[in-house]
Structure formats: C-alpha cells, structure tokens
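Enquirer: build me a model:
(2 chains, ligands or ions: 2)
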2 protein chains.
Amino acid sequence: KPVRERQRLPVVPQGIERDEFLAALDELKAQLGGEFVEVNDKPLRDGWYMEHPNTHDMMTILDEEELVASAVVYPSTTEEVQQIVLWANKYLIPIFPISMGRNLGYGGAAPRVRGSVTIDLGKRMNKILDINSEDYTCLLEPGVSFYALYEALKEKGYDHMWIDTPDLGGGSVLGNTLDRGVGYTPYGDHWACHAGLEVVLPTGEVIRTGMGALPENNTWQTFPYGFGPYSDGIFSQSNFGIVTKMGMTLMPNPGGYESFMYTFQNEEDLGPLMEIIRPLRIGMILENVAQVRHIAQTIAVRGHPRSKFYQGSGPIPDEVLHAAAVESPVGDHTWAYYGMSYGPPHIRAYKLAIVDAEFRKIPGAKKVDPKSLPEDEYFWSRDRIAAGIPDIHELRWVNWTPNGAHIAFSPVSPIRSADAMKLFDMGKKLHHQYGIDFFPAFCVGLREMHLIVEIVFDRDDAERKKAAMDCLRDMIDQAAALGYGEYRTHLVLMDQVAGTYSWGDGALMKFNERLKDALDPNGILAPGKSGIWPKRYRGRGWEM
Amino acid sequence: KPVRERQRLPVVPQGIERDEFLAALDELKAQLGGEFVEVNDKPLRDGWYMEHPNTHDMMTILDEEELVASAVVYPSTTEEVQQIVLWANKYLIPIFPISMGRNLGYGGAAPRVRGSVTIDLGKRMNKILDINSEDYTCLLEPGVSFYALYEALKEKGYDHMWIDTPDLGGGSVLGNTLDRGVGYTPYGDHWACHAGLEVVLPTGEVIRTGMGALPENNTWQTFPYGFGPYSDGIFSQSNFGIVTKMGMTLMPNPGGYESFMYTFQNEEDLGPLMEIIRPLRIGMILENVAQVRHIAQTIAVRGHPRSKFYQGSGPIPDEVLHAAAVESPVGDHTWAYYGMSYGPPHIRAYKLAIVDAEFRKIPGAKKVDPKSLPEDEYFWSRDRIAAGIPDIHELRWVNWTPNGAHIAFSPVSPIRSADAMKLFDMGKKLHHQYGIDFFPAFCVGLREMHLIVEIVFDRDDAERKKAAMDCLRDMIDQAAALGYGEYRTHLVLMDQVAGTYSWGDGALMKFNERLKDALDPNGILAPGKSGIWPKRYRGRGWEM
Ligand SMILES: Cc1cc2nc3c(=O)[nH]c(=O)nc-3n(C[C@H](O)[C@H](O)[C@H](O)COP(=O)(O)OP(=O)(O)OC[C@H]3O[C@@H](n4cnc5c(N)ncnc54)[C@H](O)[C@@H]3O)c2cc1C
Ligand SMILES: Cc1cc2nc3c(=O)[nH]c(=O)nc-3n(C[C@H](O)[C@H](O)[C@H](O)COP(=O)(O)OP(=O)(O)OC[C@H]3O[C@@H](n4cnc5c(N)ncnc54)[C@H](O)[C@@H]3O)c2cc1C
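Expert: Ligands and ions are numbered 1, 2, ... in the order given. You can find the predicted model right below:
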C-alpha cells in the first residue's frame, strides 16, 4: 500500500488544546529525555511484520488515520511508566500501552481512542530479568519476543526447557499473554501458564501480584496465587493497569516429539472428526492445541496470491481449491489435522496408535507421511511451532490479496459436531453473501475450541474493507444469537463483542465499569479497551 | 469437650441495638420463611466432622464464644441471597457466607467478625445443576460436597469421569475451591480446574463470569475466560462477592492407576529427596500432588492418642516415634512419599521405573509393597484419594490429644532442598520451644510445594491453645523473614499473614482495599476476610 501524505493532522487528544498538549509533551520530554517522546505527524508507514509501525494499525480496516496515536513514548523503567501515568492524570490525556504492538488481526499497535499517547513499553523495557533453570520459569519485561526468549534459552544451553509460541513468533510473550493468546504445545494456554505480574495502576501506584507481594520471596514465578484475592485476571484483556513484568512457566523438554497430519476429504467430515477429537483431547492423547484447517487456508498459506488460482470476483470456488490441492504435496482434501505427540518413542507410539485407529474411522481419512513433504511445506512450520520453535511461515496467507491485511473472528464453542457445523455453515453463508473467501481453522483447546476465521482483505480497497467489516459484524451477531462469543477481538469490534456478553441486563459490563471507575477515576488508561469506557467517556457516543 | 452454657449472650453485631437487630431479623424471616433464620443463642455444640456446627469454629483456638455468628440464615436461591445482601446493606449488618462450613484448620464455619450473620448457603442450595458427560464438566451449588459429587457420578454410571478430592471429602467443592484448596490427582489445583462463577455482589447485583455472561451459551464450563477482564480470581480468598454457582472440570478416567510409597530413613534425606522430586514433578513423571510426610504424622494418623506412646509433657521424642514405627506395617523411617501413577500398565511401568531409579539414589530408600499392608493402613486412604475417591481417614490424627482440634500453618516454597530444610528446621525449633509435637507434611504442587504443619491441640486447654497460637505467630513471622508466605490461613491469623504480603509499602493491600470500597461501599460482606477491612472498619482496631 502506498505511503500517503497525512490528511488529518494534527492528532490531538480530545479535551485538550493543541498548544497545551505540546507543552505537556515537553514536560514529559524533560522527564524521559527528548528522544523518547515522538509526535506522530509523519506519513504512516505500514512496513511489514518484522518492521511494523507503533503509530497505527498496519492492517487497518478503517481509514488508516482513524485509530492513530498522537504521540509515542518510550519508558525504560517501571518508575518512568509511573511518571507517564501521573502525567496523563494531570492533563487527562488518554494513554494506550503496547508491549510490541504486533497484535495483528486484533488492532496491531493502534490505540482504541484516536489521539491517545501510545506507551511503547517493549522498545526499551526488553530484558529477560530471570530464567530459572531449576523451576522452569522466567521473568520478562514487555519487550521480550517469543524469538528472543527462545534464543536466550538456546544461548544458555538450556535444552531441558521449551517455550510455547503462537503461530508467529515476533510478538511479545507479555502482550500476547495479556491478550490471552494461544500457542501449540501442551503449554498453549498462555494465561494459565503465567505466574506473577508487576502492574502500574492507572493512578500511578505499582503492585506485585501473587507471591510478588511478599518481600524477598523466591516463589513469585513458582506459585501464581499468593494470599487473598487473586487479581491477575482483571489485568488481562482490560484497561485496569499497565503490566511491567510478568512471570512465565517453561515447559520441560518432553524427551522426544513427532508431528503428524491427517487429511479428511469432505466438508461434512468436520462433524464426526470433532466427536473423535473431543475425548482424545480431554484425555491428553491429543496433547497440544491442534489445528483443524480448511483447504482454503492450506492453499493460501502456500504464499501465492489468489489471482494465481482464480480471477473471478466472488469467493473462490471449491473446485478451484481442490484442483490446487491435487497439485500440492499433501494432495486433495477438505480438512487437515495438524498435531504433535510428545515423549520417548514407545510412549508416542502408544498414543499415536490410538489416534490412528480413531481418525481412520472417518472414511477417506489419510495419514500424511512427513517424509513425503518438501522442506518448505507448511507442515514443517507447524512441526516447529508445536515444538516451541518460533516461526513466521504463517504470514504467507496474507499474500492472498494485494496489500494483504487481515482481521480475525474468533468464537469459542464446545468441541462438538453440532457446534462446529453451525459455526462453519454460518461463516460460509456470510462470506458468500459478502463475496469473501472463507478461511476457517479450528484451534482445539482442552474442552473448547476457538474457530479462527481470518478475513484477508486489500487494505487499499475501501469497498473490500467495508465488506469485511459488514461480514464480521454479521458473524458476531449471528454467532451470539446461537450462543457463541469471541474469546478476543479487534479494537474496532470490541464494543460489539462486549455487548454480546449481556447476561443479566449487562451485569458484567456494569461490574467492569465499577472496577474501572474505582481504579482509573480520571479515565486515562486505554479508554474503550474491551468495550470498557471510563465514566468521563460514557454516554458520549464513543462506541463503534 | 463438654457443652457449656453460653457466657456471652446475646450476640449482636456492632453498631446496631439488640431490638433493632431482632426486628431486622423478623423482616428477613418474612422474606425467607421463619424456619430459615436462626438466632445463635443455644449452647455451642462442637459435634464432630460429619455433624459439624455452623454457629462457630468447632476447633476454636480462641475462647469458643469469640468468633460466633449472631444468627444463621438459609437461602434457597440466588434471589434469596440477593435479598439477604440488600437487607444487610439496609441495616449495615456484617454477613459471612459459608458453603458447608467445614473449613477445619482454617476457621471452620466461624465468621471473622463476632456477631456476623452467617449465610449457610450449602444447606438448601445443594444441587448438582449439571453434569456434562461429553465435556467432562459440572455445575454446582455451594452445598455439593466431594462425596455428593462422587456419588452422583457413580449413580449415573459415569465411570469415564473422576473427581478430585482433598484429604477429607465432606467439604463443599465450591467452598474448598474458593479457598484455593488442593486435592491429590492431576486435577489437584482446584482453582485452576474451575470454570465459571455466578456471584452475588455486595451491593446485590448478580454477575456470571466467563462465558456465563453470554446468554444461551453452551461454553460456561468449557472455556473459563470469556471476553474482557477475567474476574474470577478476585472472588477467591476474598470478601468481594458471594458465589452461588460454580463450574468445575472433571478428570478423564486415566485408564488405570497404581499407588506407590517410598520411605526414607533420615531427617536429612528430605533435602536430596526434594532435588529428585522437582524435575520429576515438573516433567509429570510424578503426576499428582503427592505428600511427603514425617513419621510423626504417620504415627498420629494411626488414630491412637499420643498418651499410648508417651506420657511426658514436652514434644514426643524421636526415639518414641521410631519405636512405634518399627512396630507398624510400614516399618521404621522418617519420611514417607505417597504417590500415584496413572494410565495403562505399560505406561505406568515406564514412569515408575524412572521414579524408582531416582528415589533409590537416596541411601536407605525403600519401596513399600502395598500387598504387605493391611486394609485399614493409611496408605489405602491415600490410594483412594489419589484416585478421586472421597475419604475421612485423615481425620484420625485429630485423636492425638484429648478434645483434639487443629490449626494449620501452610507456607509455600520452591521444591528445593534448601527451602525444605529451612522451613523444617524453623518449624521444628519453634515447636520444641513451645512444647508442641511437630507434624510436617510437604504437599508438592507443580513448581512449588506447601508445607502443611498441623498443630493438634486440646481445645479445652487454654494454656495449650495459647502455646499453639504463639507458635503459629512466630512461624508466620520467621517464615516471612526468610521469604515464605502462607497460601491460605485461619481466620484469626489473616491480618498477620496479609501483613507479610507487604511489598511496596503494602501496595497490594491498598489495592484490595480500593476494590473492597468500590464493590462493598457499606462494608457488609465478611469484613476482615483475608485481612481486608472495609472503610467503615479500618483504623478501629479490628485486626488481630
Ligand atoms: C498470521 C498471524 C497468525 C497469528 N497467530 C496467532 C496465534 O497463533 N496465537 C495468538 O495468540 N495470536 C496470534 N496472532 C495475533 C498476534 O500476532 C499475537 O497475539 C502477538 O503475539 C501479539 O503481539 P504483541 O505482543 O506485540 O501484542 P501487543 O500489541 O503488544 O499487545 C497485545 C494487547 O495487550 C495489551 N497490552 C500489551 N502490553 C500491555 C501491557 N504491558 N500492559 C497492559 N496491556 C498491554 C495491548 O493493549 C494489546 O491490546 C497472529 C497474527 C497473525 C498476523
Ligand atoms: C484432617 C483435615 C485434612 C484436610 N485436608 C485438606 C486438603 O487436603 N486440602 C484442602 O484444600 N483442605 C483440607 N482441609 C481443610 C478443609 O477441610 C477443606 O478445605 C474443606 O473442603 C473446606 O470445606 P468447606 O467447603 O465446607 O468450606 P467453607 O467453610 O464452606 O468455605 C471455605 C471458605 O470459603 C469461603 N466461602 C465459602 N463459600 C463461599 C461462597 N459461596 N462465596 C464466597 N465465599 C465462600 C468461606 O468464607 C470460607 O472462608 C483439611 C481439613 C482437615 C480437618
């Protein structure tokens, strides 16, 4: 997408005059150092994954100048984060913390409120503060990426410990975990695997949670709960605090591993497959957060543009996908299951035999022989990821359209035939209605699965962006009517998604607002995040 | 202990006159039904485990009339709980919720503030609302005990699902989980295994957390987090809400299991044993929350009074314990490890061989042959519990003294030689100083362990009660000075324990108080629980 001149300058937060704002920034410069406060008035460069911007969402679905920061600041310590928070309270300036800002598909680095001052924590606060090779834990600052943590373990020769990584390894462990992100080893539920937070509250105080509240403890990362109310959860997917340190547990090297892949021929195989997966997953015969991916995404992740296969305008026809699949090393199919078995060979053999017997109950099921697959086949990327080795192969499907960008729809359901089919049918129908290619992948957690539907769009095409948005909004509403809710969402959809969690006349949101008002009386921290608006913003039409 | 006439009647909450209080109770009777509001003015009967009182702590360490309820009320629905909460706000009467009130060692059924109205939720709200045999989950009211849940699974023939039970099965699943209790299968971390709460807030509103906030969802028990801030944690070990429903996950039947027991001869073996346990536990070769128990407790749990072995007044000498051990089926030792291996025979054999090779590195280590042990040996109780079968054998050590009662000291540490020895030495020294028999048992979680020290005392002997209290207070302080904090504590020790979590000038407590004031502006719900006092009580000397 071409870099354009800025149309909507200056960006100044609501409720403060430009001069006053610039003076306030000068005050902050005096505290942090001039080079650590940047006004966001240059042309917006999208860059690419490895050189992503912190000024806006590089995959914006709105006008690119809509959700932009007025300035970006770079603290280097917890104390400086406190200073920024006190400053924001003084001038009533909205601030928006990011760790690395690679939250692509969910808003990237953009703030929810235009003109917020983005706190880029990761740039200077990027230390691995501790790796404990006896307890299998680490303590991280916001700027530590999955890659960096992985490299640090290698460097120290800690082969007995693994990390867990999401599909892309360039994001921060801390930011991903706070957004309750997911990876693909048995430690895939990142939130469940964290232990201990240091948090700057919206009024400037710092707390340490769990055992961190006990001076001189040596259990901050080994026992998550501490004593009294366990407060970590309210700092995830929220705007109640800025996390400056996080403890994370590391997985013990399982002593061997082996990826496997099965393909299933028909769309309808999804139903029986889910019934087979559920008990095996809960029983840990299927050990990792596996993916059940549709052929459309399998073709797209080969990295070629859609135009290579199809020039028509509606959604790409199934025949075209299957024709492409026939040509691929994996061969034709509709669904692919990617999993991994862990442990020494005879233990894996035991589990894999059960999986094989069960999966083959579906007529036409095929086990793909990894030896038949070339080195750059997507299978090997899943293999790395399920072994905790960061990767970026997954990015390739973003090439599907010119100026490829994407935005995610991520509803949660039980692992059941009926639920999988209802969500699949609904998504397919709406994608067809809006002329969008449908890329469904089911990520099977433990007792639930997230359907991840990524809509890939041309971020320079207003009409396609609108179609994507309309499709998303319809999917969210129709899913909610069926009883399904998103586990996480893009900034621009937060109000709508929060609105679906409406039980008891919106009781949970009223509760969240009560907490917000108590913890952030001036409403400066990430207003609108997760649909939670501070008092000062409520009833003024900020929702979208 | 003899039942005595009440010395300190009437019991009326602070800040309200007796007549006004009785009139308020009448108002509540009109709402709930007269038989569901009971004034607590009868002699206090301690009963025993299966017939425990809800009026006070049956194992009181203070004067038995100190921490008593003024009245006990029995709601039957969430709506009635709301009515009680609104009533308490109207008259500023402190209320204290219990599920079953069997929180023995931590305060039983007693309220923290004398004269509180106890809400006995379990008596009438005791339904298993759902058991989902596909998702391996259930939804429970406060009055469902581990026994009741176990029986319900048996009755329905659901052999594919196990529960996890603490050492005693008579408590409620919900109350135990809210207190972050621990059991002994791989699902032993109860808090981590729950999914979804319904909570009545101190101002009377009801919320459902996680997916429960999405109307018509079918994922409340399968996906714990929902969307936005994950608030469940702040309702554990807290006084921020009354939980009226809780979802719980159930463990899949592992397809076989086998208990094992090793004994170690010397006190100093504890150190090397911990170094062996840690990696095996984190690597899930040791699969359950196992116990490493000292010979003193092993002798005591045989159920005979101390006087059978020793009539002296100081702590029972080691020689006496060892002499008794020599006579016992297990034979002489200092430490016993009780564990269980899960899965089919060849999978267990693989893990047990590793354990055996490792444990035998400690000179004198012995594997006890279960076949050599009689049916009523304690080993078989651990066997049942590690297989999720509720039991009450553990109660037997309470017979150690006449009028046996107990109170727990439960510090958390890493699973390490140095930490185990420091805590052991400190506890032993202080027990000796106060002339108390020392019963240490280490419960090994995943990356941490809780040392559980139960002080058994004669609850009719003021001098021994004082010694127990003094010893506890010293242990808490000395442990904190070494960096160890309690994971849970008795009502009378909550202020002290909360005080040890003092990092950043008590920042966490100030944060908790901020939440308390926002959620419970009138300060009616369980004032002082976990050391959190509402505004109305602060600075008035309520701490103890
Ligand atoms: C092709 C592709 C595949 C992907 N696959 C996955 C996947 O498998 N699993 C997955 O989980 N995600 C996935 N993502 C989404 C995203 O890339 C990752 O979640 C990424 O790790 C987030 O990056 P980050 O740490 O830079 O987040 P950030 O943008 O820094 O933070 C994420 C969120 O947390 C908040 N936050 C960040 N830091 C703090 C802080 N210190 N205090 C308070 N709040 C904070 C931010 O406001 C933001 O909302 C994928 C994205 C793409 C493009
Ligand atoms: C010999 C012995 C061995 C034991 N072993 C273990 C063990 O292995 N593991 C273990 O965890 N415990 C153990 N205990 C302690 C105790 O018996 C159990 O934890 C028991 O399950 C708690 O019982 P309860 O559900 O009746 O608790 P309750 O007294 O009902 O509740 C416990 C706490 O939670 C709060 N609470 C209860 N219900 C609610 C609600 N609905 N809303 C808000 N707050 C609520 C109460 O205020 C109370 O503080 C042991 C005790 C003894 C005597």
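
Enquirer: which residue ranges form the strands in the stretch 151-300 of chain A?
Expert: Here the stretch 151-300 of chain A has its strands, by DSSP state E, counting those that start in this stretch, at A:161-162, A:194-200, A:206-208, A:242-249, A:251-252, A:257-264, A:290-294.

Enquirer: just give the number of residues close to the residue lying closest to A:Arg447 once chain neighbours are set aside.
Expert: The spatially closest residue to A:Arg447, leaving aside those adjacent along the chain, is B:Thr222, at 4.0 Å (CB to CB, 6 or more residues apart in numbering or on different chains). (Glycine included, C-beta is placed from N, CA and C.) When neighbours are defined as other CB atoms under 10 Å in any protein chain shown, B:Thr222 has 29 of them.

Enquirer: how far away is B:Thr222 from A:Tyr487?
Expert: Distance, B:Thr222 to A:Tyr487, using CB to CB, to the nearest Å: 12 Å.

Enquirer: any shared contact partners between the two?
Expert: A:Val412 (CB atoms under 8 Å, 6 or more residues apart in numbering or on different chains).

Enquirer: which of the residues in the helix or strand where A:Ala357 lies are buried?
Expert: Assigned by DSSP states H and E, A:Ala357 belongs to helix A:345-359. Residues of helix A:345-359 classed as buried: A:Ile347, A:Arg348, A:Tyr350, A:Lys351, A:Leu352, A:Val355, A:Glu358, A:Phe359 (neighbour count, 16 or more other CB atoms under 10 Å in any protein chain shown).

Enquirer: tell me where the stretch 151-300 of chain A has helices.
Expert: Assigned helices in the stretch 151-300 of chain A, in chain order: A:173-178, A:190-193, A:270-282, A:295-300 (criterion: DSSP state H, counting those that start in this stretch).

Enquirer: same check on the stretch 401-544 of chain A?
Expert: Taking DSSP H, counting those that start in this stretch as the test, the helices found in the stretch 401-544 of chain A are A:417-433, A:462-482, A:494-500, A:503-519.

Enquirer: tell me the most buried of those helices?
Expert: Ranked by mean neighbour count, the helices of the stretch 401-544 of chain A are led by helix A:494-500 with a mean of 22 (mean count of other CB atoms under 10 Å in any protein chain shown).

Enquirer: need the contact partners of that one.
Expert: For helix A:494-500, the external contacting residues (CB under 8 Å, 6+ apart) are A:112, A:473, A:476-477, A:479-480, A:485-486, A:489, A:506, A:509, A:528-532, A:543-544, B:214, B:227-228.

Enquirer: could you do stretch A:342-356 as well?
Expert: Here stretch A:342-356 has contacts from A:186, A:254-258, A:260, A:280, A:285-288, A:339, A:341, A:367, B:344, B:346-347, B:350, using CB under 8 Å, 6+ apart.

Enquirer: go again using 7 Å as the cut-off
Expert: Residues from elsewhere that reach stretch A:342-356, judged by CB atoms under 7 Å, 6 or more residues apart in numbering or on different chains: A:186, A:254-258, A:260, A:280, A:285-287, A:341, A:367, B:347, B:350.

Enquirer: so what strands line up beside the helix or strand just after the helix holding A:Ala357?
Expert: Downstream of helix A:345-359, the next assigned helix or strand under DSSP H and E is strand A:366-368. Strand A:366-368 has the following sheet partners, assigned by DSSP bridges: strand A:257-264 (antiparallel).

Enquirer: which residues touch the longest strand belonging to chain A?
Expert: The residue-count maximum for a strand in chain A (DSSP state E) belongs to strand A:448-458. By CB under 7 Å, 6+ apart, the surrounding residues in contact with strand A:448-458 are A:105, A:397-398, A:400-415, A:423, A:427, A:436, A:439-443, A:464-465, A:468, A:471-472, A:487, B:219, B:222-223.

Enquirer: tell me the strands beside it, with direction?
Expert: strand A:404-409 (antiparallel), strand A:411-414 (antiparallel), strand A:440-444 (antiparallel).

Enquirer: mind putting those into JSON lines with mean neighbour count?
Expert: Putting the strands paired with strand A:448-458 into JSON lines (neighbours: other CB atoms under 10 Å in any protein chain shown) gives the following:
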{"stretch": "strand A:404-409", "mean neighbour count": "23"}
{"stretch": "strand A:411-414", "mean neighbour count": "27"}
{"stretch": "strand A:440-444", "mean neighbour count": "23"}
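
Enquirer: for ligand 1, which of the ones you listed is the nearest?
Expert: Evaluated over those, closeness to ligand 1 peaks at strand A:404-409, with 6.4 Å, by CB to the nearest ligand atom.

Enquirer: got the angle between that closest one and helix A:462-482?
Expert: Relative orientation of strand A:404-409 and helix A:462-482, computed by axes from the mean of the first three to the mean of the last three CA atoms, to 10 degrees: 10 degrees.

Enquirer: CA atoms of strand A:404-409 as CSV?
Expert: C-alpha atoms of strand A:404-409 as CSV (Å, rounded to 0.1, in the frame of the first residue of the first chain):
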residue,chain,number,x,y,z
GLY,A,404,-2.9,-8.1,2.1
ALA,A,405,-4.2,-7.4,5.6
HIS,A,406,-6.4,-9.5,7.8
ILE,A,407,-8.8,-9.3,10.7
ALA,A,408,-10.0,-12.2,12.9
PHE,A,409,-13.3,-13.6,14.0
